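**Student:** what would the 3D arrangement of this be:
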Amino acid sequence: MSTQTFQVDGLTCGHCVGHVTTELTAVEGVQDVRVDLVAGGTSTVHVDLAADQALTDEQIVAALEEAGSYTLVR
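**Tutor:** The predicted structure is shown next:
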């Protein structure tokens, strides 16, 4: 298993965390998602992946757009 970490803007509450977690968990290879919420700031999203898997920025952006108005910080 490997973990990728992303910085995301726009999360303000537990509901936001739930939406982002649901969409990222639906991505192939994702086993777990943990969010360190910074309401109104930049939150850290940890994504655990199956061995030999990696997510692209495009996959993360697509999942964040499905979840709501959240922005990947690059």
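**Student:** ok now stretch 61-74, how far from the chain's centre?
**Tutor:** A distance of 8 Å separates the centroid of the chain from that of stretch 61-74, by CA atoms, centre = their mean, to the nearest Å.
**Student:** go on, stretch 23-41?
**Tutor:** Put simply, stretch 23-41 sits 3 Å off its chain's centre (CA atoms, centre = their mean).
**Student:** and stretch 22-34, by the same measure?
**Tutor:** With CA atoms, centre = their mean, you get 8 Å for stretch 22-34.
**Student:** any buried residues in it, and which?
**Tutor:** 23-24, 27, 30, 33 (16 or more other CB atoms under 10 Å). Glycine gets a C-beta too; all of them are placed from N, C-alpha and C.
**Student:** these in helices, which ones?
**Tutor:** 23-24 (DSSP state H).
**Student:** give me the neighbour count for residue 14.
**Tutor:** Per other CB atoms under 10 Å, the neighbour tally for residue 14 reads 11.
**Student:** not counting residues beside it along the chain, what's closest to it?
**Tutor:** residue 37 (7.4 Å; CB to CB, 6 or more residues apart in numbering).
**Student:** dump the residue contacts of the one you found.
**Tutor:** Taking CB atoms under 8 Å, 6 or more residues apart in numbering, we find residue 37 in contact with 11, 13-14, 16-17, 43.
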